[in-house]
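Novice: sequence plus the predicted model coming up.
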Amino acid sequence: MSAIFFYATVYLIGYFGANVINLLTVKPLIRNRYMAALVPVVLVATAHAYKIVSTPPRQMQDTSMEYALGAYIIMPVIIVTLGAIYAMWNKKTDQNED
């Protein structure tokens, strides 16, 4: 459960970082902040997956590498991605109503 919060925090940092970049430039560089914020999430997930694959499991843990990849990387990244898609879709419907 904490992996979801970790990747959601990485997503929010990427989202607000894209917002700051757009505020600092005259013409907005990043058009879709929702999808641009997924770039740091994918980069951190790739580094995290590499660490899980390249190191042996702890002595007292009875988990496999596949379980760790699925539970701590794949599932949280999918949930954060679906949340970003939902937020983007919800923003479009709000703009269409105005």
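Specialist: Sure, I can see it.
Novice: okay, CA-based contacts and neighbour counts for the rest of this
Specialist: OK.
Novice: helix or strand: which one has Met88?
Specialist: Met88 is part of helix 75-97 when elements are defined by DSSP states H and E.
Novice: tell me which stretches of this protein form helices.
Specialist: With DSSP state H as the criterion, the chain has helices at 2-24, 33-36, 38-54, 65-69, 75-97.
Novice: any idea which of the ones you listed is most buried?
Specialist: Between the helices of the chain, helix 33-36 has the highest mean count of neighbours, a mean of 18, where neighbours are mean count of other Cα atoms under 10 Å.
Novice: and the average pLDDT for it is what?
Specialist: Here helix 33-36 scores 92 as its mean pLDDT.
Novice: for it, name the packing helices and strands.
Specialist: Contact here means 3 or more Cα pairs under 8 Å, 6 or more residues apart in numbering; DSSP states H and E; on that basis helix 33-36 packs against helix 2-24, helix 75-97.
Novice: what's near enough to touch the residue nearest the centre of the chain?
Specialist: Centroid-nearest residue in the chain: Val41, 3.3 Å away (criterion: Cα atoms, centre = their mean). Neighbouring residues of Val41 by Cα atoms under 8 Å, 6 or more residues apart in numbering: Tyr7, Val10, Tyr11, Gly14, Val77.
Novice: if I look at the fourth one, what pLDDT would I see?
Specialist: It stands for Gly14. pLDDT, Gly14: 96.
Novice: nearest residue to it other than its sequence neighbours?
Specialist: Excluding its sequence neighbours, the residue lying closest to Gly14 (Cα to Cα, 6 or more residues apart in numbering) is Ala37, at 4.4 Å.
Novice: any figure for the gap between that neighbour and Asn90?
Specialist: Separation of Ala37 from Asn90 (Cα to Cα, to the nearest Å) stands at 17 Å.
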